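>>> Generate a structure from the sequence data that follows.
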Amino acid sequence: MVKFTLHDKQSAPEQSKPLLDGSVQAFGMIPGLHAVMAESPQVLEGYKKLHELVLASSFDNDETTVVWQSINVEHECHYCVPAHTGIAKMMEVSDDIINALRDETPLANDKLEALRTFTLAVVRKRGEVSSDEIKAFIDAGYTQRQVLEVMLVLSQKVMSNYINHIAETPVDEPFKKFEWKKAK
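Numbers count the residues shown, from 1 in each chain. The predicted structure follows:
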């Protein structure tokens, strides 16, 4: 296995250092994912920009969490599921939603379940969803804008989930209490 460097502000490429400063300001630490991504300033900057855009999307905190965690769980990301569990708690998402997503059990809210169903259809079918699937999503109360915003979140999650798989990014200390393995 190739061991990826977990950069800090001393070891990071010069262009990554201000990006890592931003990570410390936002999180009080350099998350392991950012430490790995710092090897390529463009990757770290792209990921951070996607994160900002996701947070500025039309999804509320519950919906953003549903899309994030549905993708994280589907991709079996050992790093992102615990990290987004902690983030969801900071975003004041209910434990019922958090646990249903982690455990792959139905969400009590039909609209949120429709969001998870559509998100998983997009992931599993690589975007080749049917008109009926899009219509069901819109009939559940979502919009064409939100169809596209699912792709935005998916873009962010492909970067993080795949990089975490390749780099075997260690789970950050604050999120270790939320460690997770996919139920088989």
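>>> who's in contact with the closest residue to Val67 other than its chain neighbours?
Nearest residue to Val67 in three dimensions, chain neighbours excluded: Val153, at 4.4 Å (C-beta to C-beta, 6 or more residues apart in numbering). Quick note: C-beta positions are derived from backbone N, CA and C, even for glycine. With contacts defined as C-beta atoms under 8 Å, 6 or more residues apart in numbering, Val153 is in contact with Val54, Ser57, Phe59, Thr64, Val67, Trp68, Ile71, Thr119.
>>> Could I get the full set of helices for this structure?
Under the criterion DSSP state H, the chain contains helices at 17-27, 32-37, 41-55, 61-74, 80-90, 95-103, 110-124, 131-139, 144-167.
>>> Can you tell me which of those is nearest to Lys3?
Shortest distance between Lys3 and these, using C-beta to C-beta, is found for helix 144-167: 8.6 Å.
>>> Could you tell me which residues make contact with the residue lying closest to Pro174 once chain neighbours are set aside?
Leaving out its chain neighbours, the residue that sits closest to Pro174 by C-beta to C-beta, 6+ apart is Gly86, at 6.1 Å. Going by C-beta under 8 Å, 6+ apart, Gly86 touches Pro174, Phe175, Phe178.
>>> where's the last one relative to Leu148, distance?
Taking C-beta to C-beta, to the nearest Å as the measure, Phe178 falls 30 Å from Leu148.
>>> Look up the closest residue to Gln144, ignoring the ones flanking it.
Using C-beta to C-beta, 6+ apart, the nearest residue to Gln144 is Ile138, at 7.2 Å.
>>> since we're on the one you found, how many residues are nearby?
For Ile138, the neighbour count with other C-beta atoms under 10 Å is 15.
>>> same thing with Leu50?
The burial count for Leu50: 18, using other C-beta under 10 Å.
>>> so it sits right up against Leu152, yeah?
Yes. Using C-beta atoms under 8 Å, Leu50 is in contact with Leu152, at 7.0 Å.
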